[in-house]
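>>> take a look and give me a structure for this.
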Amino acid sequence: VAMETVSLEHQIQSVQRHIAFLKKEQMELLHDLHLEILRLQKHCSELTHDLEMKELEARQQDVLDRELEEKCRAMEAQLQEKEKDNLELRKELQHKETLVAALRSSLRSKERRFLEELKRRSHRVTILDTELQKQTE
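Take a look at the predicted model:
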């Protein structure tokens, strides 16, 4: 009986040592798991922050894109208006060029008639001058 008691005590001590070892291992495992959880939480927070920043940048980019689109539309409208004005000015210029050409033609015609009249009168003056000289002689 005493031998069995000693053997039982050894078995109990052995089991207690195993339990203590398992508790120690379990504590280390729990500690490592807590550290891993903290690390993962930190990583998750960083990823969440990165995602929020990217979403903010995307919203800001969307705002910039809309502003640029509005500016482009305004510039395109201005361009169309300028092209319309340009077309009107070209038509007006073409009309004025036509008027200038007609005026030049009219001026040349009047100049020709004036020169012809001048020649005619000059000739008449010469004839009259000759007649006058004849009469005075």
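
>>> so where's the protein uncertain?
Judged by pLDDT under 70, the chain has no weakly predicted residues.

>>> so the residue positioned nearest the centre of it is in which element?
With distances taken as C-alpha atoms, centre = their mean, the chain has Leu68 as the residue nearest its mean C-alpha position (5.1 Å). Element membership of Leu68, judged by DSSP states H and E, is helix 2-136.

>>> by contact count, what packs against that helix?
Counting contacts by 3 or more C-beta pairs under 8 Å, 6 or more residues apart in numbering; DSSP states H and E, helix 2-136 is packed against no other helix or strand. (C-beta placed from N, C-alpha, C; glycine too.)

>>> how far does it sit from its chain's centre?
Distance of helix 2-136 from its chain centroid, counting by C-alpha atoms, centre = their mean, to the nearest Å, is 0 Å.

>>> make 405 the first number, not 1, from now on.
With the count now opening at 405, the last piece we talked about shows up as helix 406-540.

>>> can I get stretch 440-454 in CSV, CA atoms only?
Coordinates of the C-alpha atoms in stretch 440-454 are reproduced here as CSV (Å, rounded to 0.1, in the frame of the first residue of the first chain):
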residue,chain,number,x,y,z
GLU,A,440,-0.9,38.3,-33.2
ILE,A,441,-4.4,39.8,-32.6
LEU,A,442,-2.9,43.2,-31.7
ARG,A,443,-0.6,43.0,-34.8
LEU,A,444,-3.6,42.1,-37.0
GLN,A,445,-5.7,44.9,-35.5
LYS,A,446,-3.0,47.4,-36.1
HIS,A,447,-2.6,46.1,-39.7
CYS,A,448,-6.4,46.3,-40.1
SER,A,449,-6.4,49.9,-38.8
GLU,A,450,-3.6,50.8,-41.2
LEU,A,451,-5.5,49.3,-44.1
THR,A,452,-8.7,51.0,-43.1
HIS,A,453,-6.8,54.3,-42.9
ASP,A,454,-5.2,53.7,-46.3
